[in-house]
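Visitor: give me the fold of what follows.
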Amino acid sequence: MPTYGVEMRAKAKLTVLRGFDPNQPHSKTQAYPVKASDVILIKSGMVITAVLDGATNLMEWNIGWTTGLLPYTALQDGNDYDVVSANSLVGYSCLGDFVLQTGYFKAADSYPVGTPVTPDGVTGSIKATTAGSTLLIMGYVTIPTTDLLDGGATGYPAISAVTNGNVVAYQTAWLPANAND
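Guide: This next block holds a predicted model:
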């Protein structure tokens with residue numbers, strides 16, 4: 001089967017199911033350059049953190065979550081043409097009112113509706129947690145694990161340009177770790 005012109009991704013790009021309003025500046029999003037070493041690592045749907053680069057004194061996106069800072073979710077890949085050209089990647093804040101659908105989650109966990117999610121360290125993925133845990137909460141599952149490769153049998157549009165079509169959707173929220181005490 002010819003694949004000329006087809007880009008096969010490992011996972012689906014981020015889909016913003018609710019709260020996507022690109023023409024209004026009141027959305028809780030940020031746009032920064034991507035850290036040079038993370039350009040090819042950051043993928044759409046991954047958890048990212050804005051960190052101050054001491055050499056340039058400018059904010060830049062790093063893959064994963066840095067303790068004590070606010071986690072965001074990447075809208076684009078770090079090496080997308082538009083991101084590289086503009087030297088700017090958009091991140092969705094967990095403080096915003098969004099429902100985000102991502103393929104970057106810890107597959108071994110269970111994601112029933114209402115499950116709190118937290119960043120999975122430096123991987124850029126999310127993982128399931130509990131409301132009483134000492135981990136920060138960045139959202140709550142609204143749609144459990146769904147396979148987009150099933151041809152639409154689950155009621156969602158099928159996607160064919162990925163090798164793994166599993167996604168989880170969550171409503172953003174912010175509950176820092178010390179607020180759980």
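Visitor: pairing partners for the helix or strand bottoming out on mean pLDDT in the chain, with directions?
Guide: Lowest by mean pLDDT, DSSP states H and E among the helices and strands of the chain is strand 162-164, with a mean of 85. Using DSSP bridges, strand 162-164 pairs in its sheet with strand 9-11 (parallel).
Visitor: just the buried positions in the least confident helix or strand of the chain, please.
Guide: residue 162 (16 or more other CB atoms under 10 Å). Using the backbone N, CA and C atoms, a C-beta is placed for each residue, glycine as well.
Visitor: contacts for that strand?
Guide: 8-12, 103, 148-149 (CB atoms under 8 Å, 6 or more residues apart in numbering).
Visitor: can you redo those as TSV with neighbour count?
Guide: Below are the contacts of strand 162-164 laid out as TSV (neighbours: other CB atoms under 10 Å):
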residue	neighbour count
8	9
9	15
10	10
11	22
12	22
103	25
148	22
149	15
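Visitor: redo these as TSV? Include distance to residue 50 and pLDDT.
Guide: Putting the contacts of strand 162-164 into TSV (distance: CB to CB, whole Å; pLDDT from 0 to 100) gives the following:
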residue	distance to residue 50	pLDDT
8	30	81
9	24	87
10	24	90
11	23	92
12	24	89
103	22	95
148	29	84
149	33	83
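Visitor: redo the residues you listed as JSON lines? Include distance to residue 141.
Guide: Converted to JSON lines, those look like this (distance: CB to CB, whole Å):
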{"residue": "8", "distance to residue 141": "27"}
{"residue": "9", "distance to residue 141": "23"}
{"residue": "10", "distance to residue 141": "22"}
{"residue": "11", "distance to residue 141": "17"}
{"residue": "12", "distance to residue 141": "16"}
{"residue": "103", "distance to residue 141": "14"}
{"residue": "148", "distance to residue 141": "16"}
{"residue": "149", "distance to residue 141": "20"}
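Visitor: which of those residues sits closest to residue 127?
Guide: residue 103 (13.7 Å; CB to CB).
Visitor: ok, now how distant is that closest one from residue 177?
Guide: Distance of residue 103 to residue 177, computed by CB to CB, to the nearest Å: 25 Å.
Visitor: over to residue 105?
Guide: 19 Å.
Visitor: the strands in the chain, which residues?
Guide: Secondary structure of the chain by DSSP state E: the strands cover 9-11, 15-18, 29-32, 47-53, 58-63, 71-74, 89-93, 99-102, 116-119, 126-128, 137-147, 162-164, 166-175.
Visitor: what's the fourth one packed up against?
Guide: To tie it back to what came earlier, the one meant is strand 47-53. Here strand 47-53 touches strand 58-63, strand 71-74, strand 89-93, going by 3 or more CB pairs under 8 Å, 6 or more residues apart in numbering; DSSP states H and E.
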